[in-house]
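Participant: Need a 3D model of the following:
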Amino acid sequence: MALIETRDLWKTYTMGSEQIHALQGVSMQIERGEYVAIMGPSGSGKSTFMNLVGCLDTPSKGSYLLNEQEVREMDDDELARIRNEEIGFVFQTFNLLPRATALHNVELPLVYAGVPGSVRRARALEALERVELGDRVMHRPNQLSGGQRQRVAVARALVNNPSILLADEPTGNLDSKTGLEIMALFERLHSTGNTIILITHESEVAEYAHRVIHLRDGQIERDIRQSHRSPAMGVPS
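Facilitator: Here you go, the predicted structure:
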């Protein structure tokens, strides 16, 4: 059973009298536990694909099944629940609340889910331990390095034990050394069973994934399974 299945997925935007086909008939399956990179140049459709998979947008036509459920048949409440509980988002810009501690930032998805305070705190602390920030829980974002801020963002994405970790250019705002550390973290998370979908335009980052899907002009150009290479061997520079 595929965790994600798209069938002839299209996304078309109307710009004045012109129609822009951001995705053109994309069909693929992603299994539970896979580590997949979606690659492509600017304008290839990878951000559009991420928005559809993340239930942030709806397709113009075609089908998207998540856990064998047709996403377009879900109402707004169900889509909101999926975004909060089934998909953990990691963004290039971290998206942390500047005045909140690392602990409170990680707790936020649990607040929206109505989880009681004591349970929230325990789960947020556990998530911060998983990303090796157990000693920074009361620090605010301006007291953390870029890499530590991204680790907080990863912990926040993990706190609801989502089906999918969806990362959009997660090393884009980091120096090369810190980027290596974040990619090593993703590798550890994948080894414990997390499904990871990585959106990137950098081949060095995509090399960490076990499968790379190349998009060009809204279509799948190549779908390559690659042998795994340990982050310890060193990649982005």
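Participant: Can you pull up the most central residue in this structure?
Facilitator: In the chain, the centroid-proximal residue (Cα atoms, centre = their mean) is residue 166; its distance is 1.2 Å.
Participant: Adjacent strands (with direction) for whichever strand or helix holds that one?
Facilitator: Following DSSP states H and E, the helix or strand that holds residue 166 is strand 164-168. Strand pairing for strand 164-168, determined by DSSP bridges: strand 87-90 (parallel), strand 195-200 (parallel).
Participant: which strands and helices sit next to the following helix or strand past the shortest one?
Facilitator: Tracing the chain past strand 87-90, the next element assigned as helix or strand by DSSP H and E is helix 102-112. For helix 102-112, the helices and strands in contact under the criterion 3 or more Cβ pairs under 8 Å, 6 or more residues apart in numbering; DSSP states H and E are helix 117-130, helix 146-158. For glycine as for every other residue, the C-beta is placed from the backbone atoms N, C-alpha and C.
Participant: Show me what the longest helix anywhere in the chain is packed against.
Facilitator: Criterion DSSP state H: the longest helix present in the chain is helix 176-191. Judged by 3+ Cβ pairs under 8 Å, 6+ apart, helix 176-191 is in contact with strand 35-39, helix 146-158, strand 164-168, strand 195-200.
Participant: what is the rounded mean pLDDT of it?
Facilitator: What helix 176-191 shows for mean pLDDT is 90.
Participant: Next, the angle from that helix to strand 195-200.
Facilitator: 150 degrees (axes from the mean of the first three to the mean of the last three Cα atoms, to 10 degrees).
Participant: Now do helix 176-191 against strand 35-39, angle only.
Facilitator: Per the same axes, to 10 degrees, the angle that helix 176-191 makes with strand 35-39 is 130 degrees.
Participant: For helix 176-191, list every residue counted as buried.
Facilitator: 178, 179, 180, 181, 182, 183, 185, 186, 187, 189, 190 (16 or more other Cβ atoms under 10 Å).
Participant: before we move on, the earlier item: need the helices and strands packed on helix 176-191 in TSV with mean pLDDT and distance to residue 73, can you?
Facilitator: TSV is the format used below for these (pLDDT from 0 to 100; distance: least, Cβ to Cβ, whole Å):
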stretch	mean pLDDT	distance to residue 73
strand 35-39	96	24
helix 146-158	93	26
strand 164-168	94	19
strand 195-200	95	22
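Participant: want to try CSV for those, with distance to residue 20 as columns?
Facilitator: CSV is the format used below for these (distance: least, Cβ to Cβ, whole Å):
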stretch, distance to residue 20
strand 35-39, 19
helix 146-158, 30
strand 164-168, 20
strand 195-200, 19
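Participant: Mind checking the ones you listed for the one nearest to residue 81?
Facilitator: Closest approach to residue 81 among the helices and strands packed on helix 176-191 is made by strand 164-168 (14.0 Å; Cβ to Cβ).
Participant: contacting residues around that closest one?
Facilitator: 3-4, 47, 50, 53-54, 86-92, 154, 157-158, 186, 189, 194-199 (Cβ atoms under 8 Å, 6 or more residues apart in numbering).
Participant: Any regions of the protein where pLDDT drops low?
Facilitator: 228-237 (pLDDT under 70).
Participant: Residue 201 contacts residue 40, doesn't it?
Facilitator: Yes. If you go by Cβ atoms under 8 Å, residue 201 and residue 40 touch, sitting 6.8 Å apart.
Participant: No further questions, thank you.
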